[in-house]
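Engineer: Predicted model and sequence below, questions to follow.
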Amino acid sequence: MSLTAMQSPKKSGMGKRINTIMQTCFFAISGVLPQADAITAIKHAVEKTYGKKGQRVVELNFKAIDETLASLNAVPLPTKVSSQFDIISTITDAAPDFVKRVTGEIIAGRGDALPVSVMPIDGTFPTGTAAFEKRNLALEIPVWETDLCTQCGKCVMVCPHSVIRSKIFRLMF
């Protein structure tokens, strides 16, 4: 069984801020602490962190915590795979042996099952293997939206294809 919360930060008045909701879900599901103790600690942290921003902010966070707990639902997970299709290998027959035995297994999500003995002793991969690692990460190619840009630089860090790049300049006066 897995648990999910159908709570929306917008519904609780939190806008796009999800940290309180996610923290509540984590402690409610994980069992790291007894749930009652965890919720008490979270609410205490909310008061300490957001208390100087006003009682309204504290109350919105409390509301988000309570609504998250009320929205937590168990989701049954299937015990076996039920898909009707096979996953097509991304590695071609023309690939080098190392790519087939090591890189291909990692790309297919079976890297944890690889024995340590197949890894290179010095930890370096042979050159030219990156050409076989095309994973089709993005469904669309990212485009820089100049009118929305706040110059934060985060798009450069998260762009899966390195399409968006930045240059940093230091002005000397």
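Structural biologist: That came in fine, so what should we check first?

Engineer: What are the boundaries of the helices in this structure?
Structural biologist: Applying DSSP state H to the chain gives helices spanning 19-30, 35-50, 55-71, 97-98, 104-107, 154-158.

Engineer: Where does pLDDT dip in this protein?
Structural biologist: Applying pLDDT under 70 to the chain flags residues 1-10, 134-139, 161.

Engineer: one step back: let me have the helices of the chain in a markdown table, extended by distance to residue 89 and mean neighbour count.
Structural biologist: Glycine gets a C-beta too; all of them are placed from N, C-alpha and C. As requested, the helices of the chain are exported to a markdown table (distance: least, Cβ to Cβ, whole Å; neighbours: other Cβ atoms under 10 Å):
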| stretch | distance to residue 89 | mean neighbour count |
| --- | --- | --- |
| helix 19-30 | 35 | 18 |
| helix 35-50 | 44 | 14 |
| helix 55-71 | 41 | 17 |
| helix 97-98 | 15 | 12 |
| helix 104-107 | 7 | 16 |
| helix 154-158 | 28 | 12 |
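
Engineer: would JSON lines of the ones you listed with distance to residue 127 be doable?
Structural biologist: Listed next are the helices of the chain as JSON lines, based on distance: least, Cβ to Cβ, whole Å:
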{"stretch": "helix 19-30", "distance to residue 127": "41"}
{"stretch": "helix 35-50", "distance to residue 127": "50"}
{"stretch": "helix 55-71", "distance to residue 127": "50"}
{"stretch": "helix 97-98", "distance to residue 127": "11"}
{"stretch": "helix 104-107", "distance to residue 127": "17"}
{"stretch": "helix 154-158", "distance to residue 127": "26"}
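
Engineer: Which among these is found nearest to residue 83?
Structural biologist: helix 104-107 (18.8 Å; Cβ to Cβ).

Engineer: Against residue 105, how distant is residue 94?
Structural biologist: 17 Å (Cβ to Cβ, to the nearest Å).

Engineer: quick one: terminal-to-terminal distance for stretch 157-173?
Structural biologist: Stretch 157-173 has its terminal residues 29 Å apart, counting by Cα to Cα, to the nearest Å.

Engineer: now do stretch 75-94
Structural biologist: Per Cα to Cα, stretch 75-94 runs 43 Å from first to last residue.
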